[in-house]
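Participant: model this:
(chains A and B)
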Amino acid sequence: MNAHLARQFFRLGSSIAFRTTGRAYTADDVIGSAIKLAARMPDEGYAINLCEDRLQFAIGFVAAVMKGHVLLLPQNRKPATLASLSRSYPGCYCLVDQGAPDYPEFTCLESAVLQQVGPLKTNLPMLADDQLCALVFTSGSTGLPQANRKYWKTLVQGTSLNEDYLWSAVASAPSILATVPPQHMYGLETTILAPLFLPVTAISRTAFFPADIVAALEAMPRPRVLVSTPIHLRALMATGLALPPVDLVLCATAPLDPGLAREIERACGGVLREVYGCTEAGSFAWREPVRESRWELFREFNLTIDPGETRLLADHLPEPVSLQDTIVMDNGGKFRLLGRLGDLVNIAGKRASLADLNLKLLSIPGVQDGIITHASQPKSTEIERLIGLVVTDLDPSTLHRELEKLVDSVFIPRPLLRVEHIPRGPAGKIDRASIDRLLSQARHATKPCRGLDA
Amino acid sequence: MPGVSELEIASLMVECLNLEDVDPASIDPEASLFGEGLGLDSIDALELAVALSAKYGVHLKADDEQTIKVFSNLRSLTEFVSANADQGTG
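Facilitator: Residues are numbered from 1 along each chain as shown, chains lettered A, B, ... in the order given. The predicted structure follows:
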């Protein structure tokens, strides 16, 4: 076992790790605050980190790691998700932002931000490479959330790879603004781990609307980095607001339309780098789509492509990762991404399996039959949404409420139309043409299926 | 500045959010748009922000305490758009 002083990894000192409105916090401030928070944590347990503010999230992260508690990072904060975590991980408690609404079922600890005066004098605990630090959840194909283990070594080395392949695109000490939450692996790597380990500063607050993004960028010193997704970037371009210079735009969670990529580079004068990653492995490849359509694998990773399975291996990962995408290697180590394997959907960086979504729809009492599937021809510039057909006597808002309990809201079909009957074949399958025909019939009939609370 | 009607905003929502299963006239102006009620999510909020900026020149910001209130239901959203729309559009 390799034990290292935390001091060797956390970037101690007076350089700025996080910025809130009007205030700057060093890594010393984060660690000092974390020591105080750790003292308030229960002796044992799992910490569900629900903080939205990146500084407060980071304090919770460091406190849990020092205390030896495993952080739980769920895909969403639905009551059903939290309840399932508390069943699987006895003794779990929630870390929440100061002043955030409480979760009555849980012990909630508010993160407290302290500004240190001068450098830290406390001895930091030893951290071992194989300390399990976090479980980051994805929805598994069986419907049960799948826990992806993040060991100390995985996090430290993953961050160091990001320094080589992502942050290297800008001069030193960039400021980072993000539209993605810190609970998502991409947000965790770029806006929590990077400021703790590397000379970068993250803006604590998540920017959401285009006008927020522009205002926050204007307030940042250069070099500026925007960490975002195709959904946010598309909205940003569509509003036509003038962007201040941005040196690097990182985009992940889904392929970006190359035309949009060009538009973004023109608008901000910087480089757009797409990042390919997944919760299991973190970031592992990149490309600059304006200049190169092929992806470049981080050299520390290996891809093995066999019929039916593409696997990703690296020293710092606990096990090989089976990728959910179809990949073709070119000569010279670059590769092309041909799309996802059939059953999987990825919306706004969240994954689900169609089979599982369909099982959940059918599990609702009062639903006689139903199907959730891809919309037939999504335009490349449109955000993918699912469509659904359902045979039920449930009233529309009840159906919608029941489905909301079971699936993340991004996977709720748009539209979810009511039909009399779903013509399934002998094996229970329904073909695409029948789905499209039913959709168009249902659209002409007026059988609205939700939201009519009036 | 002529006011914008609730039905106009409701129709814009139905159109830009693919809510073709919802009749704009049937949306309760005081029912919440997110979570319960219409069940919109954050992607919808972004889509709606884009549509409102294109049609009325109104830019929503999450920084404003006001925005949370603005987005609470159709009525408050309509009032916000009416008060902030560019002259001569919409």
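
Participant: going forward, measure contacts between C-alpha atoms and count neighbours the same way
Facilitator: OK.

Participant: can you tell me which residues in the stretch 201-350 of chain A are near chain B?
Facilitator: When proximity is defined by C-alpha under 8 Å from any C-alpha of the partner chain, the stretch 201-350 of chain A lies next to chain B at A:207, A:208, A:209, A:210, A:211, A:212, A:231, A:232, A:235, A:238, A:239, A:348.

Participant: now with 6 Å?
Facilitator: Proximity of the stretch 201-350 of chain A to chain B, by C-alpha under 6 Å from any C-alpha of the partner chain, involves residues A:209, A:211, A:212, A:235, A:239.

Participant: how close does the first one sit to residue A:57?
Facilitator: In this structure, residue A:209 and residue A:57 are 21 Å apart, going by C-alpha to C-alpha, to the nearest Å.

Participant: circling back: quick one: the residues of the stretch 201-350 of chain A next to chain B as a markdown table, columns for secondary structure and distance to residue B:6 too.
Facilitator: Shown next, in a markdown table, are these (DSSP: H, G, I helix; E, B strand; the rest coil; distance: C-alpha to C-alpha, whole Å):
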| residue | secondary structure | distance to residue B:6 |
| --- | --- | --- |
| A:209 | coil | 22 |
| A:211 | helix | 24 |
| A:212 | helix | 26 |
| A:235 | helix | 24 |
| A:239 | helix | 22 |
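
Participant: just the element for residue 81, please.
Facilitator: Unless you meant another one, I'm taking chain A. Secondary structure assigned from DSSP states H and E places residue A:81 in helix A:79-88.

Participant: my question was about chain B
Facilitator: With elements delineated by DSSP H and E, residue B:81 resides in helix B:74-84, which encompasses its position.

Participant: ok, and what's touching that helix?
Facilitator: B:3, B:4, B:6, B:29, B:70, B:71 (C-alpha atoms under 6 Å, 6 or more residues apart in numbering or on different chains).

Participant: most surrounded residue in those?
Facilitator: For the contacts of helix B:74-84, the largest neighbour count, defined by other C-alpha atoms under 10 Å in any protein chain shown, is 21 neighbours, found at residue B:6.

Participant: now that one. Nearest residue, chain neighbours left out?
Facilitator: By the measure of C-alpha to C-alpha, 6 or more residues apart in numbering or on different chains, the closest residue to residue B:6 outside its immediate chain neighbours is residue B:78, 5.7 Å from it.

Participant: what's the burial count for the one you found?
Facilitator: Applying other C-alpha under 10 Å, we find 22 residues neighbouring residue B:78.

Participant: related to what we said a few turns ago, need the contacts of helix B:74-84 in JSON lines with pLDDT, secondary structure and distance to residue A:311, can you?
Facilitator: As requested, these are exported to JSON lines (pLDDT from 0 to 100; DSSP: H, G, I helix; E, B strand; the rest coil; distance: C-alpha to C-alpha, whole Å):
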{"residue": "B:3", "pLDDT": "80", "secondary structure": "coil", "distance to residue A:311": "58"}
{"residue": "B:4", "pLDDT": "90", "secondary structure": "coil", "distance to residue A:311": "55"}
{"residue": "B:6", "pLDDT": "93", "secondary structure": "helix", "distance to residue A:311": "52"}
{"residue": "B:29", "pLDDT": "90", "secondary structure": "coil", "distance to residue A:311": "51"}
{"residue": "B:70", "pLDDT": "79", "secondary structure": "helix", "distance to residue A:311": "47"}
{"residue": "B:71", "pLDDT": "79", "secondary structure": "coil", "distance to residue A:311": "44"}
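
Participant: ok, those residues vs chain A, which is closest?
Facilitator: Distances from the contacts of helix B:74-84 to chain A were compared by C-alpha to the nearest C-alpha; the smallest belongs to residue B:29, at 8.4 Å.

Participant: contacting residues around that closest one?
Facilitator: Under the criterion of C-alpha under 6 Å, 6+ apart, the contact list for residue B:29 reads B:74, B:75.

Participant: which one's the longest helix in chain B?
Facilitator: With residue count as the measure and DSSP state H as the assignment, chain B has helix B:42-56 as its longest helix.

Participant: quick one, that helix and helix B:74-84 angle?
Facilitator: Counting by axes from the mean of the first three to the mean of the last three C-alpha atoms, to 10 degrees, helix B:42-56 lies at 40 degrees to helix B:74-84.
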